[in-house]
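K.L.:
Predicted model and sequence below, questions to follow.
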Amino acid sequence: MKKAKLIIYGVVFGMLVYLIQYLLIAYLPNVLFGLAKVLSRKPLNTVISPPKTDAKLRRVVLPNPDFVYSVIFYDVSEHDVVLTGEFPDTSQYACIGFYGNNLQPYRVINNQTGVTGSYKIRLTANNSSKLANNANRYFTVQAKTKQGSILMRLLVTDSVHLKQAAEIQRKLMIAEM
Amino acid sequence: MNTWKYILLVLLAIVLGTAIAAFRIFSYENSSALFKNGNWMGTTDLPLGRDNLITAQVTLLAMYAFPSEEAVYLFAQRDVDGNLLHTANDYRISGNINLIKAKYWSITAYGKDLFLIPNEASRYSFNYSNIKTDTTGNFTIILSPTKHNGNWLPTPTNARFNLLLRIYKGEKEYLKELSTTPLPSITKMGIE
């Protein structure tokens, strides 16, 4: 009787260990997203543009020192948001990536596929909201999760790029509809 | 069993579960999802969102990674002989820019903690536009804590370090062959 009890406890303990390690692995990205959002200390739907990456940056591992970044922690649970900004010409790689609350990318728009100049992107959690695509400048992006992040990357290889990047960062705006 | 024994058992399960999760996440070097090409390991088909373990590994090591059609990340923590990169040695990265077929690529050095390595020259990487090459496109990067002429990438003093090769908007055919195509090689200096 005592042996049977021990076996049952052992099985339950093993299942508990398995479940805990499974949940930690499965939800680690969501936890990291939550931490990043809190550590940014900025309201949702706000553009955050840190200076060019260098060794002082100790928040995100493996940063790319050739890029200037702008990040937005979005929330489209109540309203759609509209992102407006400008892409440089194709000589300077630039892109905007949309990530869910598990930090997985679900849409990338870059300037290497004919999208240059000013753009307007409507991010919506609602399937029926559409903004007519027009000359590669107006997009509707279906948010996979109601909260997530938008990350703009701008390649900076010289001082001209750096100056352009500062101007592009300045023009990046987000507004709730 | 009394209540305290149950609580102890649950705590033990949490500690053990956390340790197993950490071990599995940090065992990325043995992941079957990654190919190894010379010093470099990576994949052109990141199963982000499809494979929980790979997703956790990639998210922890490279938050905000891109899907492979946008960017491919190749990681190196060993030289061609399979030894961990350590600043007890200087290393030479040899390659040819014409063999990396992408819109943008770079090789960046990171400390053991995966952050950029502080240095007086503020030099953290070389990319397609700032690397010095010969007339045929061959390049050499010297990895050393002490200053060298040419493409010198500072490494920390007495510590392990890692390298990351980023390939953005790689040509389709090039990415298809990435697991076998020649990539820059990392050799310990003095033994070539």
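P.N.:
Yes, it's here. Residues are numbered from 1 along each chain as shown, chains lettered A, B, ... in the order given.

K.L.:
Wait, residue A:66 touches residue B:128, no?
P.N.:
No. Using CB atoms under 8 Å, residue A:66 makes no contact with residue B:128, being 9.8 Å away. All C-beta atoms are positioned from the backbone trio N, CA, C, and that covers glycine.

K.L.:
of these two, who's got more company?
P.N.:
For the pair residue A:66 and residue B:128, the greater number of neighbours falls to residue A:66 (27 against 16), based on other CB atoms under 10 Å in any protein chain shown.

K.L.:
Residue A:94 and residue A:154 touch, don't they?
P.N.:
Yes. Taking CB under 8 Å as the definition, residue A:94 is a contact partner of residue A:154 at 4.9 Å.

K.L.:
where do the contact lists of those two overlap?
P.N.:
Both residue A:94 and residue A:154 are in contact with A:88, A:168, where contact means CB atoms under 8 Å, 6 or more residues apart in numbering or on different chains.

K.L.:
what touches both of residue A:66 and residue B:128?
P.N.:
B:104, B:106.

K.L.:
Now the helix or strand of chain A with the lowest mean pLDDT: buried residues?
P.N.:
Within chain A, confidence by mean pLDDT, DSSP states H and E is lowest for strand A:138-142 among all helices and strands, at a mean of 86. For strand A:138-142, the neighbour count (16 or more other CB atoms under 10 Å in any protein chain shown) marks A:139, A:140, A:141, A:142 as buried.

K.L.:
And chain B, is it touching that?
P.N.:
No. Strand A:138-142 does not reach chain B (CB under 8 Å from any CB of the partner chain); its nearest approach is 14.9 Å.

K.L.:
Dump the C-alpha coordinates for that strand into CSV.
P.N.:
The C-alpha coordinates for strand A:138-142 follow below in CSV (Å, rounded to 0.1, in the frame of the first residue of the first chain):
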residue,chain,number,x,y,z
TYR,A,138,-1.1,52.8,-47.5
PHE,A,139,-1.3,49.5,-45.7
THR,A,140,-3.6,47.7,-43.4
VAL,A,141,-1.9,45.3,-41.0
GLN,A,142,-3.9,42.7,-39.2
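
K.L.:
and the residue of chain A at minimum distance from chain B, how many residues sit next to it?
P.N.:
Closest approach between chain A and chain B, counting by CB to the nearest CB: residue A:20, at 2.7 Å. Residue A:20: 20 surrounding residues under other CB under 10 Å.

K.L.:
In this structure it contacts residue B:19, no?
P.N.:
No. Counting by CB under 8 Å, residue A:20 stays clear of residue B:19, with 9.9 Å between them.

K.L.:
Since that was my last question, I'll sign off now.
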